[in-house]
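Visitor: Dropping the sequence and predicted coords here.
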Amino acid sequence: MKPVNLGEKLATFDSHWDPHVVADYNDNDVMVVKFIGEFPFHDHPDTDDFFLVLEGEMVMDLEGESHTVKAGEMFVVPKGMTHRPRAEAECKVLLIEPKGVPNTGDPATAAPKPRI
């Protein structure tokens with residue numbers, strides 16, 4: 001047990017849309033990721049999707065609406081809802097998902113989640 005410095009963890013990689021696990025929380029992965037551009041629309045039929053913006057700003061596109069999420073704000077997408085995060089400039093985000101949940105909602109297209 002020791003503190004996890006999210007800034008230090010984010011500094012270890014430059015890739016985008018590539019979540020990295022930084023801690024375990026019950027049966028969940030706590031991850032950091034960098035966004036830029038648009039992620040594909042997708043859903044998670046069995047779990048909500050948690051986003052906490054650490055730095056920058058993102059937009060969460062939902063079915064028929066969009067929400068700007070700024071640093072220090074969080075957004076929870078309810079399970080089964082089609083959504084797409086996007087960011088015009090680099091945005092740093094903390095994600096929490098149950099272990100084994102693919103980031104695209106589809107294991108065939110999901111990014112690996114390395115532990116750092």
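Guide: Noted; the coordinates are in hand.
Visitor: Flag the shaky bits of this structure, pLDDT-wise.
Guide: Judged by pLDDT under 70, the chain has its weakly predicted residues at 104-105.
Visitor: Lys34 against Leu10, yeah?
Guide: Yes. With contacts counted by Cβ atoms under 8 Å, Lys34 reaches Leu10, the gap being 6.8 Å. No exception for glycine: its C-beta is placed from N, CA and C like everyone else's.
Visitor: Now do the helices in the protein.
Guide: Per DSSP state H, the chain carries helices over the ranges 6-10.
Visitor: about what we covered before: overlap in contacts of Lys34 and Leu10?
Guide: Overlap between the neighbourhoods of Lys34 and Leu10 consists of Lys92, taking contacts as Cβ atoms under 8 Å, 6 or more residues apart in numbering.
Visitor: Point out the other helices and strands that the longest strand seen in the chain packs with.
Guide: Of all segments of type strand in the chain, defined using DSSP state E, the longest is strand 83-98. For strand 83-98, the contact count by 3 or more Cβ pairs under 8 Å, 6 or more residues apart in numbering; DSSP states H and E identifies strand 28-38, strand 49-55, strand 57-62 as packing neighbours.
Visitor: what's the angle between that strand and strand 49-55?
Guide: With axes from the mean of the first three to the mean of the last three Cα atoms, to 10 degrees applied, the angle from strand 83-98 to strand 49-55 works out at 100 degrees.
Visitor: What are the buried residues along strand 83-98?
Guide: With burial defined by 16 or more other Cβ atoms under 10 Å, the residues of strand 83-98 counted as buried are 83, 85, 87, 91-97.
Visitor: got it, and stretch 52-68?
Guide: Of all the residues in stretch 52-68, those buried under the rule 16+ other Cβ under 10 Å are 52-54, 56, 58-61.
Visitor: any chance of those residues in TSV, with distance to Val101 too?
Guide: As requested, the buried residues of stretch 52-68 are exported to TSV (distance: Cβ to Cβ, whole Å):
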residue	distance to Val101
Leu52	17
Val53	20
Leu54	20
Gly56	24
Met58	19
Val59	22
Met60	17
Asp61	20
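Visitor: Taking these together, which two end up most distant?
Guide: When the buried residues of stretch 52-68 are compared pair by pair using Cβ to Cβ, the farthest-apart members prove to be Leu54 and Asp61, with a separation of 20.1 Å.
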